[in-house]
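Undergrad: Give me coordinates for this.
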Amino acid sequence: MGTRVGRPLPRLLGLLAAALTLAAAAALPANADAVPSKTGGTRTENGAAVGVGSQTAIPKSGRKAHRGKGIRSTECRFQALDSANPLGAQGPEVTGIRRLDPGINLWRSCYNIATGALVEGPALYTTPVRNPAEPAVGFDTIELALANIDIDLPVPALSPPAVTLPNFDTWLWVDGQADQTASASAGGVTVTVTGEVVSTTYLINPAADGTRSRDDGRVISCDGPGTPYDLAVADRSQSSDCAHSFAAPTRSFTIDVTSTWRLAWTATDGSGGDLGAIDRTTTVPYRVQAKSTAIRTR
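TA: So this is what the prediction gives:
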C-alpha cells in the first residue's frame, strides 16, 4: 500500500476550485459583468430555481396595476394645399377637419407630442365622402366614444416571475391587453372607437443601490402584447418572440413597461379615421440572482 501524502483528494479539489473562483473574480473590475454563458435552471411559479451547491429559496415579489386613461403620444395637423402649386410648399394650418366638406385635399403631418418630432408625413389627405342621405359625424360623437373606451395599464408578466438567473431566457408579456371597443350615437349615426396594442417596450432601470450592469437603460421592444409562458407545456413545444437574457450581477431593479395602443374610429355612415396612439406605462420590480455554489472541503 502506498503512502498518502498531503490533503485528501476531495478537499484538495475543493480548495483548488475556490482558488480559481477567487482568481477569476479578482481579474474583473468592480461591478463588471462576467462573460455571458447559457444558464440552466427551472421555471417555477415564483421564479427561477437552480440546484447548485447549497442554493436555497428564491425571494418573491409582487406587483399591482391600476386602471385609467392614457395620454395620446401622437397628434396630426393639417395644412392647406396651394391649388396653384399642389406639390409645393404647405399653406396655413387648417382646423376643424371633421366639419369640412368631403373631397378637400390637405397636407397631413403627424408628430410625437413629447418631442415634437415628425413621425409621419407630410402626405396628401382627402376629407372623406359621406352618404348624403345620412348626417355627418360630429366631432363630439367621436370624442364621446373615445371617452368611453377603457385603456388599462399593462399588467407585466415575466417567466420566471419575480426573479431570474443571469443569461437565462426570460419571457416578457403583458396581461389584460385585449382589443377594446366603445361606441356612441348621435343624429342617427353610431361611432365606434377601437383600440389595440401594437407594441410593448421594456425599459430596464439601474439598480437603486448603484450596482451596475450592461442591461442598465436597455430597451426591449416587442410587437403586440407578447406570448404568455405556459408552465404546463414543455419548453420545446412553445416559443416567444419577446424574451431577454438578463445580465449579471445579482441585483434588484425595476422595469418600466409601456403598451402602445393604436386608436381608430368608424361610423355607420361609412366614414372613419385614425385617432393616433396612446401609451400606458407601469413599473414592475424584478431581480437577477446569480447562482451561488457552496464548496465543502470535508
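Undergrad: Could I get the full set of helices for the stretch 101-250 of the chain?
TA: 139-148 (DSSP state H, counting those that start in this stretch).
Undergrad: so where's it uncertain?
TA: Residue ranges of the stretch 101-250 of the chain with pLDDT under 70: 129-137.
Undergrad: Which stretches in it count as strands?
TA: Per DSSP state E, counting those that start in this stretch, the stretch 101-250 of the chain carries strands over the ranges 105-112, 118-126, 155-159, 163-164, 169-175, 180-186, 189-204, 219-223, 243-245.
Undergrad: Partner strands of the fourth one, with direction?
TA: Counting by DSSP bridges, the strands paired with strand 163-164 are strand 272-288 (parallel).
Undergrad: And the strand it pairs with, what's buried?
TA: Within strand 272-288, the residues that qualify as buried by neighbour count (16 or more other C-beta atoms under 10 Å) are 272-273, 275-280, 282, 284, 286-288. Backbone N, C-alpha and C define where each C-beta goes, glycine included.
Undergrad: Kindly reformat those residues as TSV and extend each row with pLDDT and distance to Gln90.
TA: Formatted as TSV, these follow (pLDDT from 0 to 100; distance: C-beta to C-beta, whole Å):
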residue	pLDDT	distance to Gln90
Gly272	87	25
Gly273	87	20
Leu275	87	23
Gly276	87	20
Ala277	89	23
Ile278	88	27
Asp279	91	28
Arg280	91	33
Thr282	94	39
Val284	96	44
Tyr286	97	47
Arg287	96	52
Val288	96	51
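Undergrad: re the thing from before, which one of the strands of the stretch 101-250 of the chain is the most hemmed in?
TA: A comparison of these by mean neighbour count, using mean count of other C-beta atoms under 10 Å, puts strand 163-164 on top with a mean of 25.
Undergrad: Output the buried residues of strand 272-288 in a markdown table; the columns should cover distance to Gly91.
TA: Shown next, in a markdown table, are these (distance: C-beta to C-beta, whole Å):
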| residue | distance to Gly91 |
| --- | --- |
| Gly272 | 26 |
| Gly273 | 21 |
| Leu275 | 24 |
| Gly276 | 23 |
| Ala277 | 27 |
| Ile278 | 30 |
| Asp279 | 31 |
| Arg280 | 36 |
| Thr282 | 42 |
| Val284 | 47 |
| Tyr286 | 51 |
| Arg287 | 56 |
| Val288 | 55 |
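Undergrad: circling back to that earlier point, could you say which one of the strands of the stretch 101-250 of the chain comes nearest to Ala232?
TA: strand 155-159 (12.4 Å; C-beta to C-beta).
Undergrad: Nearest to Asp256, out of the strands of the stretch 101-250 of the chain?
TA: When the strands of the stretch 101-250 of the chain are ranked by proximity to Asp256, the top entry is strand 189-204, at 4.1 Å, counting by C-beta to C-beta.
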